[in-house]
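Student: Okay, sequence plus prediction incoming.
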Amino acid sequence: MKSRKILVIEDDSDIRRNMKVLLESEGYEVELACNGKEGLQALETCVDLPALIILDLMMPIMDGFEFRRVQQVSPKISHIPVAIMTANGHLVEKQTRLDASAGIPKPPDIDVVIQVTSEILAKAN
């Protein structure tokens, strides 16, 4: 069976915590990072890579755009699908520009998060 681990990179602590509770209630193992730099550090040091990254775009220190640029050129992590999250509109345009597997509008809707997650992971299996 493929990994059911998900890395959520989100600077809003309430959203981060809620995503963790929601995804764990669906049987996923969830790791959290509060910005892109922390997310990259988690990916560099982990042995069991996540099957999916849920990535906020607007964050301090390293935003989702920069994280995605680094991820896409890294042989170790470039294959991991990404679902972006944004509250600033133009979701489809950003999803296309970042070559993301899906887009989740913020604030994230429970049903959308579950649907996007299950669809991406079903494709990966």
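Tutor: Structure's in. What do you need?
Student: alpha carbons only for contacts and neighbour counts from here, please
Tutor: OK.
Student: Can you give me the pLDDT of residue 63?
Tutor: According to the per-residue confidence, residue 63 scores 95 in pLDDT.
Student: Likewise for residue 4?
Tutor: In the prediction, the pLDDT value recorded for residue 4 is 88.
Student: what's near enough to touch it?
Tutor: Residues in contact with residue 4 (CA atoms under 8 Å, 6 or more residues apart in numbering) are 27, 28, 29, 50, 51, 121.
Student: CSV please, covering those and showing neighbour count.
Tutor: Formatted as CSV, the entries for the contacts of residue 4 read as follows, by neighbours: other CA atoms under 10 Å:
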residue, neighbour count
27, 10
28, 16
29, 15
50, 21
51, 20
121, 17
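Student: Tell me which entries of those lie within helices.
Tutor: If you go by DSSP state H, the contacts of residue 4 have residue 121 in helices.
Student: Tell me which residue lies nearest the centroid of this protein.
Tutor: Geometric centre of the chain, nearest residue: residue 54, 1.3 Å, by CA atoms, centre = their mean.
Student: so is residue 6 in a helix, a strand, or just coil?
Tutor: Under the three-state scheme (DSSP: H, G, I helix; E, B strand; the rest coil), the conformation of residue 6 reads as strand.
Student: Am I right that it is in contact with residue 33?
Tutor: No: with contact taken as CA atoms under 8 Å, residue 6 and residue 33 are classed as non-touching, separated by 11.0 Å.
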